[in-house]
Structure formats: structure tokens, C-alpha cells
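**Student:** Next comes the sequence, and after it the predicted model I'd like to discuss.
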Amino acid sequence: MTAEGLNSKQLLHQEQELKLPALMNKEAIEIGQLASELGKERKLPIAIEVRIGNWIVYHASLPGSSPENDRWIERKVAVVMLNQHSTIFERVSAEERGVDWHKENGVTDETHAIHGGAIPLITDEGFKGILIISGLPQVEDHLLAVEVLTEFLARKGELL
């Protein structure tokens, strides 16, 4: 198993726990800036993107990242747009069920990457956007995205 002890039930619960009060340009930019701050502080070679639907509202490529990270971002986005769940959830769920995710969804790995780091941005109105981190091992990409959303919600007084 590539997802280091994560399970699909926990990951689905996590998506609901990270529900945002709203997602407009302001929030998307704040989430992106927070991810960039953490990445810079830790000297992480990552690219960060925040989307509302298909609209790229925030993008940053930190030192050490490369154009290849943008390709990974596109492939991760394709997964979240398809099923509206995190990329790591899709991977773990497929592993737990013993299925070929790409075959099950009628897509290829060249267009859809089930590697951690892309998390749906959900409000009470449902799926609104995506936070994507690319550049670290997949579980670390995912955990950083979770940390960013957790910190964002804490700063907004939305998380205890």
C-alpha cells in the first residue's frame, strides 16, 4: 500500500471536517498564500494551485519546483473534477477494493494522477474548488494540503 496507513473512511471524514464557510476569490487567495508561506518557511520545492471550478485563482511555483509540477497538477485536478474527492482518497479506495482505478473510470494515468496532493474545497453548497500541492512524496503533498486547510479554518474560527 502506498498511502501509509490511510483508509478511505478516514479520508472521506476528513473532507467533511475541512468544509469551508465560503469559497470566493478572497478565500482562494488566502488559502494559496498560506500554503506558500508554509512552503517557503520549510523550503519545500512545491507548486501550489487553488481553483474555483476550472478557474485558477492562485498559483505559485516555489524555488525547487519545476514545470513538471504543473503537469502533475493538471493530472491531479482531472481526478478531483471527475469524482469530487481527494486524489489520495481515490487511490486508497481503489487499493482497498483491489480495482484498477483508471480502468474503472475509463481514463489513463497520462491524464489522471491518483497521487495525493489535490483536495476538494467543499462548502455547504457542495464541491466548489480544489487545493493542489505538487512536489513532495504523495502522502506529504496530501498532509500539507490538509494542514493548510486546517490552519485556514482555525484562523477563521471555524475549527476548534
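**Tutor:** Sure, I can see it.
**Student:** Now do the strands in the protein.
**Tutor:** 47-52, 55-61, 118-123, 126-134 (DSSP state E).
**Student:** Distance to residue 82 and mean neighbour count added to the ones you listed, as CSV?
**Tutor:** In short, each C-beta sits where N, CA and C put it, glycine included. CSV is the format used below for those (distance: least, Cβ to Cβ, whole Å; neighbours: other Cβ atoms under 10 Å):
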stretch, distance to residue 82, mean neighbour count
strand 47-52, 14, 25
strand 55-61, 18, 16
strand 118-123, 11, 23
strand 126-134, 11, 24
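**Student:** got a list of what residue 124 touches?
**Tutor:** By Cβ atoms under 8 Å, 6 or more residues apart in numbering, the residues touching residue 124 are 19, 21.
**Student:** what's the neighbour count on the nearest residue in space to residue 6 that is not next to it in sequence?
**Tutor:** In space, and not counting its chain neighbours, residue 6 is closest to residue 92: 5.3 Å by Cβ to Cβ, 6 or more residues apart in numbering. Burial of residue 92 is recorded as 26 neighbouring residues (other Cβ atoms under 10 Å).
**Student:** ditto for the one 5 residues further on
**Tutor:** Around residue 97 sit 10 other residues, with neighbours defined as other Cβ under 10 Å.
**Student:** Flag the shaky bits of this structure, pLDDT-wise.
**Tutor:** Scanning the chain for pLDDT under 70 picks out 1-4, 159-160.
**Student:** can you pull the contacts of the spatially most central residue of it?
**Tutor:** Nearest to the centroid of the C-alpha atoms of the chain, with distances taken as Cα atoms, centre = their mean, sits residue 118, at 1.9 Å. Residue 118 is in contact with 73, 76, 77, 79, 80, 86, 87, 130, 131, 132, 133, 145, counting by Cβ under 8 Å, 6+ apart.
**Student:** Tell me what it is bridged to.
**Tutor:** On the basis of DSSP bridges, residue 118 is bridged to residue 132.
**Student:** separation between it and residue 48?
**Tutor:** 11 Å (Cβ to Cβ, to the nearest Å).
**Student:** swap in residue 158?
**Tutor:** For residue 158, the distance to residue 48 equals 21 Å [Cβ to Cβ].
**Student:** And the helices in the protein, which stretches?
**Tutor:** Using DSSP state H, the helices of the chain run over residues 8-17, 25-41, 67-83, 87-97, 101-105, 138-155.
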